[in-house]
Every structure is written in structure tokens, then in C-alpha cells.
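Colleague: quick one: sequence plus predicted model below, questions after.
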Amino acid sequence: MKLNLLILLSLGLLLSCDNNENKQAMAEDYYQFKEVDLSPYDLPATFFIPDETAGIGASFQTTIEHEEEFKWKVMAGPNFQLFIEDWGNNANKFSEFKKTLQESDVFKVSIISDERDCIIYKRELIKHIKVPKYKHVSYHIYGLKKLGDYYYEIKNKDNGDSKSVVELMRKSVKSFKYKSN
């Protein structure tokens with residue numbers, strides 16, 4: 001009986017330590033981020049966005065716009081804007097988007113990171129630019145996350161952002177999850 005109790009207590013202690021390590025890892029990964037609840041805007045989700053200490057000009061007040069039924073815009077100042085769109089049960093949206101990343105006569109596209117549900121790419125303007133210091137380079141993120149039965153597209157603005165801002169956005173996209181009540 002004492003041996004069983006000792007084993008149960010040891011197991012409980014191990015699970016508790018593991019849970020604390022997971023919480024600590026989460027806190028370290030999202031240092032300088034704050035959790036945002038999107039449920040007041042008809043989206044049962046939360047995710048982390050940079051706070052004012054992240055050094056990107058993030059505002060103290062997060063702004064969320066939800067003017068269209070299936071679209072949201074989350075802003076943390078002028079340098080951090082993510083657009084979320086509900087794509088229903090379109091599980092193929094991610095592969096469809098990746099097909100659009102073909103190079104053109106105007107842009108050279110380079111994939112920086114390609115994960116299961118998130119891609120980061122660089123776009124360089126190549127046409128009509130002869131002076132390298134004036135060459136336009138922008139960084140973009142595109143993610144497709146499943147919450148319940150629906151897929152949500154998350155991306156940055158069309159004209160892109162700096163590489164450092166897109167890296168912060170990657171953390172935000174990864175943290176996007178269903179909010180349980």
C-alpha cells in the first residue's frame with residue numbers, strides 16, 4: 001500500500017514538473033507578447049501578438065476590426081497588422097496559395113520557411129530596378145489554421161513587412177488556437 005502511494009506521489013510530482021516546464025517554455029517563447037481574445041469579435045480564438053516592449057512600435061492598445069462577416073484585422077500599431085479570413089471547410093486553401101507563389105516578370109519569390117500550415121517568403125521587385133540600393137524587398141507570411149471545422153487564413157499586408165516583423169508574426173500565427181469556454 002505504501003509503495004503504491006509512493007509511486008502515485010512520484011508520478012504526480014513528475015507530471016507537475018513537466019507541466020511547469022511547458023508553461024515556462026511557453027512564457028519564454030512568447031516573452032514580449034500578450035494574449036488577445038478574439039471571441040468578442042465573433043471568432044472563438046486567442047493568439048499572442050507583440051506588446052509595446054517588442055521594439056516594433058506596437059501600440060499599448062490592440063485594435064481589432066471586424067467590419068465584414070468573415071474577416072478580421074488585428075493591429076498592434078502601424079508596423080504589425082494581421083488579416084484573418086474564415087475559409088469555411090476549404091482544407092486545400094494552403095496548397096492553392098502556395099501555387100500562386102510562382103515567380104513572374106515583376107517579382108522574384110524566395111521561400112524562407114515552409115511549415116505544415118505556415119509559410120514565410122521574400123518578394124523582390126526585379127523589373128525596372130537597375131540600382132541595387134533601390135531594389136524593393138518585402139517579407140510575407142501566410143498561414144492556414146484549423147479551428148473546429150473551419151479553416152482560417154492569416155496573412156500580413158499585401159505590400160509586406162520587414163523580416164523581423166514577419167518573424168514576430170510567425171509566432172502569432174503559431175499561437176492561434178481555439179478558445180474553449
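Modeller: Noted; the coordinates are in hand. None of these values were measured; they are calculated from a predicted model.

Colleague: which residue ranges of this structure form strands?
Modeller: 33-37, 45-50, 63-65, 71-75, 81-86, 107-114, 118-125, 137-147, 150-156, 177-178 (DSSP state E).

Colleague: just checking, what packs against the shortest one?
Modeller: If contacts are counted by 3 or more CB pairs under 8 Å, 6 or more residues apart in numbering; DSSP states H and E, strand 177-178 sits against strand 45-50, strand 137-147. For glycine as for every other residue, the C-beta is placed from the backbone atoms N, C-alpha and C.

Colleague: of all the strands of the chain, which one is nearest M169?
Modeller: strand 137-147 (4.9 Å; CB to CB).

Colleague: the bottom helix or strand of this protein by mean pLDDT?
Modeller: helix 2-29 (a mean of 49; mean pLDDT, DSSP states H and E).

Colleague: who's in contact with E153?
Modeller: For E153, the contacting residues are F83, I84, E85, W87, K93, F97, Y142, G143, L144, by CB atoms under 8 Å, 6 or more residues apart in numbering.

Colleague: just to revisit the earlier point, can you say which of the helices and strands packed on strand 177-178 is packed in most?
Modeller: By mean neighbour count, with neighbours taken as mean count of other CB atoms under 10 Å, strand 45-50 ranks first of the helices and strands packed on strand 177-178 at a mean of 21.

Colleague: what mean pLDDT does it get?
Modeller: For strand 45-50, mean pLDDT rounds to 93.

Colleague: related to what we said a few turns ago, export the helices and strands packed on strand 177-178 as JSON lines, with columns for distance to T63.
Modeller: Compiled in JSON lines, these are given as follows (distance: least, CB to CB, whole Å):
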{"stretch": "strand 45-50", "distance to T63": "11"}
{"stretch": "strand 137-147", "distance to T63": "19"}
